[in-house]
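# have a look at this prediction, sequence included:
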Amino acid sequence: MNEMNLRGRGLVKTYGTVHALAGVDIDLFQGERVAIMGPSGSGKSTLLHVLSGILRPDQGAVQLGSTTISELSDAKRSKLRRTAFGFVFQDGQLVPELTARENVAFPLLLSGVTRGQALKTAEMWLGRLGVESQARKRPGEMSGGQAQRVAIARALVHDPAVLFADEPTGALDQATGHEVMQVLTTTAKMNGTTLVVITHDAKVASWCDRMIEIRDGLIHYDGRVQHEGQNLGERHGLGEGQDQQ
């Protein structure tokens, strides 16, 4: 078994009378690719936000290695997210005024890397993701697939321990989504990065090694992804038409 990377114990998060998380235990291991699935309102996006330190749990603890994230101040959690975690969102969330290489270099600049070195590293990552030709283009000048590759490069440029991808293909057509998932999973594996994909789509989940199904704030299934002869969506009652939380 690979080394433990990220752990959550007894995670509870409540909004009013609704338990978005109702006592979740989860272990994520170095280098594995995990899909977290569930219907709208199941708690899967809240789980991502708690694991990544965007939100503090009302109860329970999140640990990255020996660091208890849930006990850190807001400022220290923000710093940890810049250094230990990478994020890919449904719409990429690239800065529209910046070029592709400037977008990718941005996390490095925030960490104190010189502009010249940051841009050089950004260009290397754009090359690895096959979009070096887009380096001086702004997001509005790129296709959806190209922009999402740039977003993946930005998420990986600082060598994060964990990469969180929240519905990374939700805004893409099927063919482009297939291409992006192939790039995302392959690059994360080559980099030894733990990949956590939040999705409602069984086809997206099939790119991962492990699937966790969450319903009503609790984990109902945690096991290996069946890549052949089984439709995950049919098995777990998850349709492609269901939205993320």
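Nice, thanks for sending it over. Numbering: from 1, shown residues only.

# now the residue positioned nearest the centre of the chain: which helix or strand?
By C-alpha atoms, centre = their mean, the chain has its centre lying nearest to Phe164, at 1.5 Å. Element membership for Phe164 (DSSP states H and E) is strand 162-166.

# and the next helix-or-strand element following that strand, what does it pack against?
Using DSSP H and E, the helix or strand that follows strand 162-166 towards the C-terminus is helix 174-191. Judged by 3 or more C-beta pairs under 8 Å, 6 or more residues apart in numbering; DSSP states H and E, helix 174-191 is in contact with strand 33-37, helix 144-156, strand 194-199, helix 202-205. C-beta coordinates here come from the backbone N, C-alpha and C atoms, glycine included.

# the second one versus strand 162-166: what angle between them?
The reference is to helix 144-156. 150 degrees (axes from the mean of the first three to the mean of the last three C-alpha atoms, to 10 degrees).

# can you tell me what sits against helix 144-156?
Helix 144-156 is contacted from outside by 86-89, 92-94, 100, 103-104, 106-107, 122, 125-126, 128-131, 134, 139, 142, 163, 165, 168-169, 171-173, 176, 179-180, 183-184, 187-188, 191, 193, using C-beta atoms under 8 Å, 6 or more residues apart in numbering.

# average pLDDT across that helix?
Averaged across helix 144-156, the pLDDT comes to 92.

# also stretch 199-214?
Here stretch 199-214 scores 92 as its mean pLDDT.

# can you show me the helices along the protein?
For the chain, the helices defined by DSSP state H occupy 44-51, 74-84, 100-110, 115-128, 144-156, 174-191, 202-205, 232-236.

# and the ones you listed, which one's lowest on average pLDDT?
Ranked by mean pLDDT, the helices of the chain bottom out at helix 232-236, with a mean of 43.

# sorry, back to before: can you put the helices of the chain in JSON lines and add mean neighbour count and distance to Asp58?
Below are those laid out as JSON lines (neighbours: other C-beta atoms under 10 Å; distance: least, C-beta to C-beta, whole Å):
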{"stretch": "helix 44-51", "mean neighbour count": "24", "distance to Asp58": "10"}
{"stretch": "helix 74-84", "mean neighbour count": "14", "distance to Asp58": "16"}
{"stretch": "helix 100-110", "mean neighbour count": "22", "distance to Asp58": "29"}
{"stretch": "helix 115-128", "mean neighbour count": "17", "distance to Asp58": "37"}
{"stretch": "helix 144-156", "mean neighbour count": "25", "distance to Asp58": "28"}
{"stretch": "helix 174-191", "mean neighbour count": "17", "distance to Asp58": "31"}
{"stretch": "helix 202-205", "mean neighbour count": "22", "distance to Asp58": "28"}
{"stretch": "helix 232-236", "mean neighbour count": "16", "distance to Asp58": "27"}
